[in-house]
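> Have a look at this prediction, sequence included:
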Amino acid sequence: MLRVFLLTFVCSLYSMFALSQIDSVNVIKTDVRKTPKIGLVLSGGGAKGIAHVGVLKVLEELGIKPDFIAGTSMGSIVGGLYAIGYSADSLATMMSTQNWAEILTNYVPLSEINIEEKDEYNRFLADFKLKKDGIGLPSGIIEGQKLSLLLSKYCWPSYSYNSFSDFPIPFFCVATDLANGDAVVMDNGYLAEAMRASMAIPSVFTAVKVDDKYLVDGGLVSNFPVKEMLARGADIIIGCNVSGGYKKKEDLSSIFSVLMQSTMLLSIQDSEENKAFCDVLIEPDLKGYSTSDFVYADSIIIFGKEAANKKREELIKLLENYNVHRTAVNHESSVIDVQSVKINQLNVIGLSHVSKSIVTGKLGIKPGDWVTVSEIEEGVTRVFGTSNFIKATYKIQNSDLGAILTIQVEEKPKYSAKVAINYNNYSNGGLLLNYTMLNSVLKSSKWTSNIHVSENFSANSKLSKFFGEGQNWCWASDFDFYSYKLNDYKTEAKGSITRFLETDIRSGVDIFPNSFTSLGMRIGYHRFYARPRNFGDFKSISVRNLFASINLSMNTLNQRYWPKRGFFVDANLSYNFADKYNITTNIYSPLGDSNSQLFVVNRDYHVNMSVRGSYNIPIVENLFTARFDGFIGISTLEDSFIPVYKMGGANFYSKRVIPFVGAKENSIYNNNVSMAQFTGQFNVKDYYCSVIINAGYNSVKRSDFYSRFLKPANWDLGAAISLGYDAVLGPIEVTVSRGFDSGDKVNVYFSFGYRFW
């Protein structure tokens, strides 16, 4: 019995000793345990995701610095930029000062397009890729050219990091693998590319190819990546969710709302489950705001801040319970200030039928160069501004020897077709058709053909063969055909000419050293034909002549329609060799022959010189623009059956007609013409209101033009009010004008759709 007692006592002492040792170990573990890690999770939600910036403001005020940040879609942009050192204040400024209408569309300012491409840019409603197996369509409506460049600009300081885990705050974001629907967690690579993939809303933004995967918006599978954050070892989860959850029955009243709810059901369910894992959940009240309301960035940030302030005490108490020390957070950005980098290696990817030298020549950057982010942006913009690419972006990555610059391009198809519709009360309804061949007829060439099917039929075709490093010059051959009506609003010949037909065939050299200047030299053939009506005994008039010309063009306008800034100059000097007139009349012949008589008249050479210009000054940015337009055309012809220059109407109808409000289309025509016009243009978003006044003067003889030029009585005057709307299907414009000469009436002009010229 004693032995049993002693054995039991010894065992008890051993157990007590062992337990005391275990307790002491636990105490030691508790004493040396690291501070709990804070994970900040930011959901997707389009424009509503800007509310995350307001949340970050409050966290900074409370001295809370996350140890990890995760985001999806818009949450990836806010979170990624914050992770590399941008402060909440700098992000707020960034979000509220962007031109979101430009960034989130395919629109690129006309001023950024190379001058040889400006005539074709933004003229068509739809663009189709022609393939052997049919018509190809893009994977999304928006390529995101401007968005990609913007993200690369702000992510510039991150190039020196090898992994997102090396950022001042470790970061990752989520995208969706389009092939299998899996969530893809991105924590290395190129930050701007990862952000762009995470927010690539299917069918809206094109998919992003990363390695061998096509990635789209992570919101499809993990819009609020809390579980992924927990897997990274976060102890405390602070989550900001702006997705809004399930829509109520009464809100599912449209096809769009039903489709969105159907598409996002799994993601919404995942987000609802993830909310339960948040230690502090912040959900800003953003009712009344949509995912596209980027213009209300300031207000959305305020709502985010208000929602975080409501959780202020909860945040403080949570950190106190975890014994997390709060420190003052610097409100200034701490991003690495990288002024310039040395390019060690230059790569170009995405080429198949376009020469690499075109990209490198336009880029203007070589290995060994020290470059800034602005210089890279300008070079990539020049690459995009050619006719060869749908999209051109870049990424810059670190290496032991220096930076690696990679230019990523998506080529335009070799064969494509474009289409647009238009209507105006001068030409009535019209259809614009285009067929383009790139690098097909010849290497480094472009052949475009355009047809305007309307009452005033027009067509043109141009083949350009490019030469030099970066396509700096080309040999071009082109053909133009115009058919139009001519009216005279002042003389006895009113309504006499019913139809003009003009044909130009030219060939020569174009030199364009930069994106806004071009010098062209041409030799060509011009033919004019008219069949007058009620014009004495004239039955038809035909003129043929050869010419040589020099043309200088400069164009910095920011957009084709209703430009808000920039200037345009087109100067032309042509030497016209002897004209040959074929005139058919109904004059009775001495021989008694009443049939038509043909008279052939040869004219000596003559010289034509013209200058057309437009200067747009933004008086109040994005609100009021003052525009000054002018034209002067002078010819050495002393008389002519055929006028050299024509004016009239509210808009350009062909390359040969200058707008002049107060006169009907093509109603002022002569050998010597001048015009001055002022426009005060008001604009709010896509709506425009213009007040226009102009004065013009014309004469047959150059001597009369000079002698009577300064006499106001010889000038034609006109004024107009124009209302316009930049619609998706093309510009809509209504112009009411009146001339101030005797007998002039009010003219009303209506136009819808893209113009041919």
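Looks like it arrived, so ask away.
> after the lowest-mean-pLDDT helix or strand in the chain comes which helix or strand?
Every helix and strand of the chain was ranked by mean pLDDT, DSSP states H and E. The lowest is helix 2-32, at a mean of 33. From helix 2-32 onward toward the C-terminus, using DSSP states H and E, the following helix or strand is strand 38-42.
> Averaged pLDDT, that next one. What do you get?
For strand 38-42, the mean pLDDT works out to 96.
> Tell me which other helices or strands it touches.
helix 51-61, strand 68-72, helix 74-83, helix 226-231, strand 236-240 (3 or more Cβ pairs under 8 Å, 6 or more residues apart in numbering; DSSP states H and E). Yep, even glycine has a C-beta here, placed from its N, CA and C like the rest.
> would CSV of the ones you listed with mean neighbour count, mean pLDDT and distance to T735 be doable?
Below are these laid out as CSV (neighbours: other Cβ atoms under 10 Å; pLDDT from 0 to 100; distance: least, Cβ to Cβ, whole Å):
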stretch, mean neighbour count, mean pLDDT, distance to T735
helix 51-61, 25, 95, 43
strand 68-72, 29, 96, 48
helix 74-83, 29, 96, 41
helix 226-231, 19, 94, 57
strand 236-240, 25, 95, 50
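> a markdown table for the ones you listed, including distance to L191?
Below are the helices and strands packed on strand 38-42 laid out as a markdown table (distance: least, Cβ to Cβ, whole Å):
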| stretch | distance to L191 |
| --- | --- |
| helix 51-61 | 17 |
| strand 68-72 | 12 |
| helix 74-83 | 6 |
| helix 226-231 | 17 |
| strand 236-240 | 20 |
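> now for those, which one comes closest to Y561?
Of all these, the one in closest proximity to Y561, counting by Cβ to Cβ, is helix 74-83 (30.9 Å).
> Skip ahead from the strand or helix carrying L433 and say which helix or strand is next.
In the assignment (DSSP H and E), L433 maps to strand 428-438. Later in the chain than strand 428-438, the nearest helix or strand by DSSP H and E is strand 445-453.
> where does the stretch 151-300 of the chain have low pLDDT?
Within the stretch 151-300 of the chain, the segments meeting pLDDT under 70 span 203, 245-267.
> And the helices in it?
191-198, 226-231, 255-263, 265-275, 297-310 (DSSP state H, counting those that start in this stretch).
> Point out the most buried one among those.
helix 191-198 (a mean of 27; mean count of other Cβ atoms under 10 Å).
> Next, V242: phi, psi?
With angles defined as degrees, to the nearest 10, V242 sits at phi -120, psi 10.
> Just confirm it contacts A47, I think it does.
No: using Cβ atoms under 8 Å, V242 is not in contact with A47; the gap is 9.3 Å.
> Please say which of these two ends up with more neighbours.
Between V242 and A47, V242 has the larger neighbour count (other Cβ atoms under 10 Å), namely 31 against 22.
> ok, now how distant is the more buried one from T176?
According to Cβ to Cβ, to the nearest Å, V242 and T176 sit 19 Å apart.
> Relative to C155, which of the helices of the stretch 151-300 of the chain is closest?
For C155, the closest of the helices of the stretch 151-300 of the chain is helix 191-198, at 4.2 Å, according to Cβ to Cβ.
> Next, the angle from that closest one to helix 74-83.
160 degrees (axes from the mean of the first three to the mean of the last three Cα atoms, to 10 degrees).
> picking that back up, any chance of the helices of the stretch 151-300 of the chain in JSON lines, plus distance to D480?
JSON lines is the format used below for those (distance: least, Cβ to Cβ, whole Å):
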{"stretch": "helix 191-198", "distance to D480": "41"}
{"stretch": "helix 226-231", "distance to D480": "60"}
{"stretch": "helix 255-263", "distance to D480": "44"}
{"stretch": "helix 265-275", "distance to D480": "54"}
{"stretch": "helix 297-310", "distance to D480": "47"}
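> Now for I201: which residues touch it?
I201 makes contacts with 46, 73, 140, 216-217, 219, as judged by Cβ atoms under 8 Å, 6 or more residues apart in numbering.
> likewise F577?
Contacts of F577 (Cβ under 8 Å, 6+ apart): 545-547, 605.
> how about G524, secondary structure?
Secondary structure, DSSP: H, G, I helix; E, B strand; the rest coil: G524 is strand.
> So what sits opposite the spatially closest residue to it that is not a sequence neighbour in the bridge?
Once flanking residues are discounted, G524 sits nearest to R506: 3.6 Å by Cβ to Cβ, 6 or more residues apart in numbering. Going by DSSP bridges, R506 is paired in beta bridges with D478, G524.
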